[in-house]
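S.K.: 3D, please:
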Amino acid sequence: MTDQVRQEVIEKAWQDLVATARRTAAEGLVVGTSGNVSVRVGELVLVTPSGVPYERLTPGDAIGVGLDGRQLLGDLAPTSELPLHLEVYRHTGAGAVVHTHAVHATAVSTLVPELPPVHYMAAALGGSVRVAPYALYGTQELAANMLGALRGRTACLLQNHGTVAYGDSLDQAYDRTAQLEWMCRLWLTAASVPGRAPSLLSAAQLREAGEKLSGYGQRG
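M.R.: From the prediction side, this is the model:
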């Protein structure tokens, strides 16, 4: 890959990252400058900056770090949740990571150790979504807790904090984030009916759904 082509790839990836970050705000998954998004381009990880509203980001604001955390691109400080993003890339084949403070998902994180399997779309995330124990934001402790909750999964909840989801692409990471928030809202709605408890899916039913979902969509 020539330097010019690599630069074009990075510029397009940054453009897509900013669009995804703005979407998290537009669709109510974050408020203000909370949450963060990253995408991997080879050995470079592009990340949103700390404390800058997404609508103000320009092509010249691109920030990139190596997998060791060293900043290699840009002048703005990267998100305070950089350890969280880097741990995902170091331990999975992720191409992108989305972290939000989605209301329903965060509410569920304060109530249970894992989201009950109330819908078959949990299978698309690897199974029942676990809650990572609370730790101060931006710390290695939080990143380590998150990795434990992500074992065998592509998304998790962070106790009293929010969500993390990853995927091969920004679109997939965002879709998993949105699906998780929707399932949390579903469970909270069903569980709020007095005198009733939601029916839950068994591990076998989730496995069956997961097998069918693996072939979902159009074949290229």
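S.K.: Please spell out which residues along the longest helix seen in the chain are buried.
M.R.: If you go by DSSP state H, the chain has its longest helix at helix 3-26. The neighbour-count check on helix 3-26 (16 or more other C-beta atoms under 10 Å) flags I10, A13, W14, D16, L17, V18, T20, A21, R23, T24, A25 as buried. To be clear about C-beta, it is placed using only N, CA and C from the backbone, and glycine gets the same treatment.
S.K.: Any chance of JSON lines for those, columns distance to P117?
M.R.: Putting these into JSON lines (distance: C-beta to C-beta, whole Å) gives the following:
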{"residue": "I10", "distance to P117": "39"}
{"residue": "A13", "distance to P117": "34"}
{"residue": "W14", "distance to P117": "37"}
{"residue": "D16", "distance to P117": "32"}
{"residue": "L17", "distance to P117": "32"}
{"residue": "V18", "distance to P117": "34"}
{"residue": "T20", "distance to P117": "27"}
{"residue": "A21", "distance to P117": "30"}
{"residue": "R23", "distance to P117": "27"}
{"residue": "T24", "distance to P117": "25"}
{"residue": "A25", "distance to P117": "29"}
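S.K.: of those residues, closest to V108?
M.R.: T24 (17.9 Å; C-beta to C-beta).
S.K.: Return the residues in contact with the closest one.
M.R.: By C-beta atoms under 8 Å, 6 or more residues apart in numbering, the contact set of T24 is V30, G35, V37, Y54, V98, T100, Y174, T177.
S.K.: In helices, which of those residues fall?
M.R.: Y174, T177.
S.K.: Would you point out the most distant pair within the contacts of T24?
M.R.: Across the contacts of T24, the two lying at the largest distance from each other (C-beta to C-beta) are Y54 and T177, at 15.1 Å.
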